[in-house]
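Engineer: The sequence and its predicted three-dimensional model are supplied below.
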Amino acid sequence: MSVIVNFAIFPTDKGISVSPYVARVTEYIRSKGYKSQLTAMSTIVETNTLDEALELLSKAYNILESDCERVYLSANFDIKKGPIGRIDSKVESVEQKLL
């Protein structure tokens, strides 16, 4: 199974720049070995199961909640039975059609 989750999580009570908080979540994702893409507006992660994706979001919240009074979290999921690797193959498919 391949679960791609596109999510944004950040505190809303820490001023204009929240990059230190986003970096904490990004460090966690990378330490878990998940394939991910950090973008200007969100983070995309691919996991093997929905449970892994939900656990990742829960842990991301836990990382911020200790010193943040309010946390924003928005997530979209693309769940497909089949092999992992779609985080790259979906983009490659579109790129090939642009040639």
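Structural biologist: Sure, I can see it.
Engineer: So residue 43 versus residue 12, what's the distance?
Structural biologist: 17 Å (CB to CB, to the nearest Å). From N, CA and C alone the C-beta is placed, and that goes for glycine too.
Engineer: between the two, who's got more neighbours?
Structural biologist: More neighbours surround residue 43 than the other of residue 43 and residue 12, with 20 against 11 (other CB atoms under 10 Å).
Engineer: Quickly list what the more buried one is bridged to.
Structural biologist: Under the criterion DSSP bridges, residue 43 forms beta bridges with residue 7, residue 38.
Engineer: Thought residue 35 was touching it, still the case?
Structural biologist: No. At 11.4 Å, residue 43 does not count as touching residue 35 under the criterion of CB atoms under 8 Å.
Engineer: Pull out the buried residues from the helix or strand residue 64 falls within.
Structural biologist: Element membership of residue 64, judged by DSSP states H and E, is helix 50-65. Of the residues in helix 50-65, 52, 53, 56, 57, 60, 63, 64 count as buried by neighbour count, 16 or more other CB atoms under 10 Å.
Engineer: show me the residues around the fourth one that make contact.
Structural biologist: By CB atoms under 8 Å, 6 or more residues apart in numbering, the contact set of residue 57 is 5, 7, 9, 73, 75.
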